[in-house]
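1. using only what follows, build the 3D model:
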Amino acid sequence: MGLILDTSAIVAWERAIAAGQPVSIDPDEELALPAIVWAEALSGVRLANTAQRAAQRLARLEAIRKATDVEPFTATIAEHYADIFTELHQQGNLIPQNDIAIAAFFMLAMSVSNMSSYGAGENYELMARFDNVGGLKVRSPVSAGGVRIGRVTDIQYNSDSYEAIVSMEIEERYNKFPVDTAASILTSGLLGEQFVGFEPGAEEEYLKAGDVIDLTQSALVLEQIIGQFLFSMADDEEKEE
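-> Numbering: from 1, shown residues only. Predicted structure coming up:
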């Protein structure tokens with residue numbers, strides 16, 4: 001599992017940058033920056049007493065953000081948040097809401113990585129090519145029939161084919177996917193996190209480690225759908241006139 005950055009870690013990192021001290025980061029370490037932590041850091045920028053200080057703090061924060069993406073507060077995290085808040089409220093042990101949000105993100109990270117299920121020798125790798133991966137991320141789930149069977153381990157861009165190459169780690173026990181299995185990038189709910197969904201084919205030969213899934217469906221980009229809808233409405237109005 002990767003390292004989840006909280007506000008204290010961001011502050012310490014920012015101070016090290018300001019002091020010109022080198023920050024050593026393991027290149028193999030996966031970093032996660034929850035949106036609530038990023039929001040708190042930006043609040044510090046807004047509260048700076050001079051424009052110069054605000055600009056300096058923002059520059060340092062942007063340097064930090066280059067090392068990791070800001071992880072959104074998704075519908076699934078909201079479910080974990082509600083569970084934690086309810087339990088703490090019933091016990092009379094409420095803590096700051098931002099800490100509850102970070103704990104909810106941690107629960108999501110644990111459920112996605114599922115370390116107890118992903119051990120050495122228990123998985124095999126498959127790849128798939130997509131025109132657009134949308135908001136898919138490393139550690140996003142891979143599922144079939146609503147059951148999580150693996151996770152995304154890497155996303156790269158192929159400059160020759162102009163496609164995104166998604167690598168996936170699949171549990172060894174799910175090793176009977178036909179070679180004509182289709183992979184689609186789907187979304188949990190309307191605005192939830194994205195994941196890869198497998199739709200098994202009908203061939204008798206099965207995919208094996210290192211194979212590339214040829215049948216894929218890219219992510220639906222909400223902005224494009226809205227844009228097409230608005231364009232269609234404007235076109236209809238012009239025809240009526």
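2. buried residues, stretch 129-137. List them.
-> Neighbour-count burial for stretch 129-137, counted by 16 or more other C-beta atoms under 10 Å, picks out 129-130, 133-137. Just so you know, the C-beta spots here come from the backbone N, C-alpha and C atoms, and that holds for glycine as well.
3. oh sorry, the question was meant for stretch 171-190
-> Of the residues in stretch 171-190, those buried under the neighbour-count criterion (16+ other C-beta under 10 Å) are 171, 174, 177, 179, 181-187.
4. ok, stretch 68-84 next?
-> Of the residues in stretch 68-84, those scored as buried under the neighbour-count criterion (16+ other C-beta under 10 Å) are 68, 71, 73-74, 76-77, 80-81, 84.
5. what residues are up against the closest residue to Tyr174 other than its chain neighbours?
-> Of all residues beyond its chain neighbours, the one nearest Tyr174 is Ile149 (4.4 Å), with distances taken as C-beta to C-beta, 6 or more residues apart in numbering. Ile149 sits next to 142-143, 170-171, 174, 198 when contact means C-beta atoms under 8 Å, 6 or more residues apart in numbering.
6. now render the residues you listed as TSV, adding pLDDT.
-> Putting those into TSV (pLDDT from 0 to 100) gives the following:
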residue	pLDDT
Val142	94
Ser143	94
Ile170	96
Glu171	93
Tyr174	94
Phe198	97
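7. need these in CSV with secondary structure, can you?
-> Supplementary listing: those in CSV, determined by DSSP: H, G, I helix; E, B strand; the rest coil:
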residue, secondary structure
Val142, strand
Ser143, strand
Ile170, strand
Glu171, strand
Tyr174, coil
Phe198, strand
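8. close enough to count as contact, Phe73 and Trp38?
-> No - taking C-beta atoms under 8 Å as the contact criterion, Phe73 and Trp38 are not neighbours in contact, 10.3 Å apart.
9. contacts only, for Ala164.
-> Shown in contact with Ala164 (C-beta under 8 Å, 6+ apart): 129-133, 155-158.
10. spit out the contact partners of Glu169.
-> Under the criterion of C-beta under 8 Å, 6+ apart, the neighbours of Glu169 are 118, 123-125, 142, 150-153.
11. turn the residues you listed into CSV, including distance to Gln56 and secondary structure.
-> Rendered in CSV, the data for the contacts of Glu169 read as follows (distance: C-beta to C-beta, whole Å; DSSP: H, G, I helix; E, B strand; the rest coil):
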residue, distance to Gln56, secondary structure
Tyr118, 42, coil
Asn123, 45, strand
Tyr124, 48, strand
Glu125, 44, strand
Val142, 42, strand
Gly150, 43, strand
Arg151, 38, strand
Val152, 36, strand
Thr153, 37, strand
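12. report the two of the residues you listed separated the most.
-> The largest separation in these, counting by C-beta to C-beta, is between Tyr124 and Val152 at 14.3 Å.
13. between the two, point out the one with more neighbours.
-> Of the pair Tyr124 and Val152, Val152 is the one with more neighbours under other C-beta atoms under 10 Å, namely 23 against 18.
14. shouldn't the more buried one be in contact with Val133?
-> No - here Val152 does not reach Val133: they are 9.1 Å apart, not a contact under C-beta under 8 Å.
15. name the residues contacting each of those two.
-> Overlap between the neighbourhoods of Val152 and Val133 consists of Val166, taking contacts as C-beta under 8 Å, 6+ apart.
16. the residue nearest the centre of the chain: what's it in contact with?
-> In the chain, the C-alpha closest to the average C-alpha coordinate belongs to Lys137, at a distance of 3.8 Å (C-alpha atoms, centre = their mean). Residues in contact with Lys137 (C-beta under 8 Å, 6+ apart) are 69, 71, 152, 155, 193-194.
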